[in-house]
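Engineer: Return atomic coordinates for the entry below.
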Amino acid sequence: MAISGKSGTVYLVGAGPGDPDLLTLRAARLVMGASLIVHDGLVDPAVLAMARPAARMISVAKQRARHTLPQDEICALLVREALAGNDVVRLKGGDPFIFGRGGEEAEACRAAGVPVEIVPGVSAANGAAAATGIPLTHRDAASIVSFVAGQCKGLTEQNWAGLAGKGRTLVIYMGVKTAPQIAEKLMADGLSPDMPVAVVENAARAAMRVLRGPLAGLPDLVARERVKSPALIIIGEVTAREDAALAILARETVE
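Structural biologist: This next block holds a predicted model:
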């Protein structure tokens, strides 16, 4: 794909929440035509299966407290391959610019003089909302939606006051391991222990699970059901709406 003697281009591509049907046309075309794909662990195998058999695949999967490659080495890998004349499809779950570290990788490429293109994807939150029927905003329940990361450094010191409560929806990425601290933090900020919560595991995938309960019971819910990543925690009145439950029932009936 690259022109001899010139730097390749790095494409930061959002792979969406999992279902290949949710890829943008641009993303699908890049995946199917790629010679080199550098992908995260959250990219569904069905998306990777769209690539050409001859495509070179490099996994840089991350897990909590264990990275295949540190982020700076991932950036260096992208730059090195592009400067060698290779176009690189950097495939990320969800959207590259929503907790995908796409900003860091784009900055590294530009600093090295490597052309970079951002291809947005359906975010995990949008995918979970569509798959479960939980509206992140609703005129009767929420006019504000916030996204936060549940495993960032200094979680207990972060100020989440006002992000959750009446008229608000809070979506927490990467919060499975820190569910006890999250529940404690929000209740300490004044959120009712009875605030409804939904945990969406494997959103928009065949193995999707939707678990519900009150905020105070979130840690026990996650532990009892052995919730694993990828999973989102959605906190707010929207999670208890009847239309969401009906949408899940309709999905299960069809399947």
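
Engineer: Would you map the strands across the stretch 151-255 of the chain?
Structural biologist: 167-173, 196-201, 209-214, 231-235 (DSSP state E, counting those that start in this stretch).

Engineer: go on, the stretch 1-150 of the chain?
Structural biologist: Counting by DSSP E, counting those that start in this stretch, the strands of the stretch 1-150 of the chain are 10-14, 36-39, 56-59, 62-63, 66-67, 88-92, 116-119, 142-149.

Engineer: can you tell which of the ones you listed is closest to E107?
Structural biologist: When the strands of the stretch 1-150 of the chain are compared by CB to CB, strand 116-119 sits nearest E107, at 9.1 Å. C-beta: built from backbone N, CA, C; applies to glycine.

Engineer: what residues does that closest one touch?
Structural biologist: Applying CB atoms under 8 Å, 6 or more residues apart in numbering, the contact partners of strand 116-119 are 9-14, 24, 26-27, 30, 96-97, 102, 105-106, 109-110.

Engineer: can you check stretch 155-171 too?
Structural biologist: 125, 128, 136-137, 141-148, 152, 178, 181-182, 185-186, 189-191, 195, 232-238.

Engineer: which among those residues end up buried?
Structural biologist: 125, 128, 136, 141-142, 145-148, 178, 182, 185-186, 191, 195, 232-238 (16 or more other CB atoms under 10 Å).

Engineer: give me the number of residues near the residue lying closest to S229 once chain neighbours are set aside?
Structural biologist: The shortest distance from S229 to any non-neighbouring residue, by CB to CB, 6 or more residues apart in numbering, is to V176 (5.7 Å). Neighbourhood size, V176 [other CB atoms under 10 Å]: 23.

Engineer: how much space between V176 and K6?
Structural biologist: According to CB to CB, to the nearest Å, V176 and K6 sit 43 Å apart.

Engineer: Ok, Y173 next?
Structural biologist: On the measure of CB to CB, Y173 and K6 end up 37 Å apart.

Engineer: thinking again about what came up before, point out the most buried one among the strands of the stretch 151-255 of the chain.
Structural biologist: The highest average neighbour count among the strands of the stretch 151-255 of the chain, using mean count of other CB atoms under 10 Å, belongs to strand 231-235 at a mean of 26.

Engineer: partner strands of that one, parallel or antiparallel?
Structural biologist: strand 167-173 (antiparallel), strand 196-201 (antiparallel) (DSSP bridges).

Engineer: how many degrees apart are the shortest one and strand 209-214 in direction?
Structural biologist: Going by axes from the mean of the first three to the mean of the last three CA atoms, to 10 degrees, strand 196-201 is angled at 160 degrees with respect to strand 209-214.
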